[in-house]
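Q: Build me a structure from this.
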Amino acid sequence: MSKKIFSDIEVTKLSKNKNISKVSNKAITYTFEFKKKFIEEYKMGKPPRIIFEEAGFDVDILGMKRVETSSKRWRKAFKDNGELGLMDSRKTSSGRPLKRELTDLEKIKRLEAQIEYLKIENEFLKKLDENRKGGCLNKTEIFEAIKLIVKRYKLKSKIKFLCFQAGVSRSGFYNYINSEKNRNNKEAKDLNSKRLILKAFNRRGFKKGARSIRMILENEFDTIFNLKKIRRIMKKYEIICPHRKPNPYKNIAKATKEHSTVPNILKREFKQEVPKKVLLTDISYLTYGIGKRAYLSTIKDGSTNEVLAHEVSHSLSIDIALNTVKRLVKRKFKLHPECIIHSDQGFHYTNPKFQRLVKSKKIIQSMSRKGNCWDNAPMESFFGHMKDEINLKPLKTLDDVKKEVSKYMNYYNNHRYQWNLKKMTPVQYRNHLLTVS
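A: The predicted model follows:
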């Protein structure tokens with residue numbers, strides 16, 4: 001509750017009291033003699049109200065709050081400095097400059113201080129302009145710049161001016177300073193999260209995105225992180241997630257007249273929840289070393305995403321596709337009685353040799369419609385992910401490429417958790433399907 005404001009009539013009445021040296025609508029200045037008398041009588045046990053009333057004051061006009069405040073202030077001043085504390089020192093210690101001519105030395109000192117301040121102001125504004133041109137200045141960076149300038153040049157009294165120049169609020173700056181401890185605690189937690197995310201990101205040597213990292217943390221580190229948190233930490237600390245690129249070399253071979261196509265029996269029913277019933281196959285290029293190229297043929301289980309066979313070659317001849325099927329058969333998989341192998345209408349799959357081989361193994365052949373990549377989308381997706389996650393550039397020979405691809409296939413089948421496979425690896429999901437069937 002604020003002190004009482006006096007009316008003009010009350011001011012006139014109070015001004016007639018000899019114990020007041022000055023009075024206005026908002027304030028009263030009491031005489032030194034009255035304050036001294038007040039202390040003496042208070043020590044004798046008189047209450048403040050009685051002392052004021054005996055001195056001719058109308059307590060109803062003054063208000064008890066003003067009486068109690070004055071009493072408390074005078075008692076403290078007397079205790080600290082004796083009678084000297086009761087004197088009105090506002091005229092002698094108001095902080096106002098003295099009305100006198102400055103000496104030459106004082107003028108020089110003042111000018112030097114002004115020049116120094118202008119330098120600081122110029123440096124601060126220049127820093128803000130440079131950052132604004134780059135479009136990268138946020139409020140946190142502005143507050144940090146103000147903090148550094150204030151600390152370096154001891155400009156606590158100029159915080160309001162600096163905030164105004166930077167276009168931020170002073171309350172926002174003080175909130176930033178006061179929340180430093182909380183920010184440091186949050187930064188410590190983020191650094192700990194970064195350490196765990198990096199362990200998952202670098203797990204087994206292949207690059208991973210946020211979803212893969214989340215599944216590895218849950219399955220192998222017994223840690224559950226929200227996807228949003230993982231993405232925030234990756235963005236904050238520039239943990240780069242690979243981005244898939246389109247394949248500019250998709251149509252790498254054309255069928256001749258003796259080649260024939262077959263109908264699209266599969267019709268995009270890739271997920272039939274039966275292992276080794278739907279087989280998907282395709283060929284893609286692999287770039288390694290300095291401008292060198294190899295080719296990868298793969299057969300993949302459409303239901304479990306497990307890579308069942310693959311072949312790496314320096315040539316795009318028909319042998320790459322034939323050898324992939326032979327590798328599949330050699331592994332003695334127990335294929336489904338109604339097993340289908342689905343591909344695009346590429347040169348290799350319309351070739352009579354390939355079609356005879358597939359037929360001899362009692363596998364039904366199916367092909368995508370012409371120019372429709374969606375009919376074999378899981379294979380396109382697999383190659384895209386693989387090229388993002390594997391690094392073949394340092395390799396120099398085809399044998400090195402074969403070893404690295406085999407290593408990746410083992411990782412993909414046994415250790416790469418997939419969101420759409422109930423967060424299991426392909427092999428785990430295959431065993432899951434065999435268990436529930």
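Q: now the stretch 251-400 of the chain, which segments are flagged as low pLDDT?
A: Along the stretch 251-400 of the chain, segments meeting pLDDT under 70 span 251-258.
Q: cutoff 90 now
A: 251-261, 291, 331-334, 347, 370-375, 380-381, 384-385, 388-389 (pLDDT under 90).
Q: Please, where are all the strands along it?
A: Under the criterion DSSP state E, counting those that start in this stretch, the stretch 251-400 of the chain contains strands at 278-288, 292-301, 307-313, 340-343, 364-367.
Q: got CSV for those, with distance to Leu191 and mean neighbour count too?
A: In short, each C-beta sits where N, CA and C put it, glycine included. Converted to CSV, the strands of the stretch 251-400 of the chain look like this (distance: least, C-beta to C-beta, whole Å; neighbours: other C-beta atoms under 10 Å):
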stretch, distance to Leu191, mean neighbour count
strand 278-288, 36, 22
strand 292-301, 39, 20
strand 307-313, 37, 21
strand 340-343, 48, 24
strand 364-367, 52, 19
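Q: can you give me the helices for the stretch 251-400 of the chain?
A: All helices of the stretch 251-400 of the chain, identified by DSSP state H, counting those that start in this stretch, fall at 319-330, 347-350, 352-360, 377-389, 398-414.
Q: okay, those, which one's buried deepest?
A: Mean neighbour count, computed with mean count of other C-beta atoms under 10 Å, is highest for helix 347-350 among the helices of the stretch 251-400 of the chain, reaching a mean of 23.
Q: Which of the helices of the stretch 251-400 of the chain sits closest to Arg231?
A: For the helices of the stretch 251-400 of the chain, the distance to Arg231 is smallest for helix 377-389, at 16.6 Å, taking C-beta to C-beta.
Q: quick one, that closest one and strand 278-288 angle?
A: For helix 377-389 against strand 278-288, the angle by axes from the mean of the first three to the mean of the last three C-alpha atoms, to 10 degrees is 30 degrees.
Q: And helix 377-389, what does it pack against?
A: Applying 3 or more C-beta pairs under 8 Å, 6 or more residues apart in numbering; DSSP states H and E, one finds that helix 377-389 contacts strand 278-288, strand 292-301, helix 398-414.
Q: what about 7 Å?
A: The helices and strands touching helix 377-389, judged by 3 or more C-beta pairs under 7 Å, 6 or more residues apart in numbering; DSSP states H and E, are strand 278-288, strand 292-301.
Q: For the longest one, which outside residues touch it?
A: Pointing back at strand 278-288 there. 247, 249, 266, 270, 272, 293-303, 308, 320-321, 324, 339-344, 346, 348, 376, 378-379, 383, 392-393, 395, 401 (C-beta atoms under 7 Å, 6 or more residues apart in numbering).
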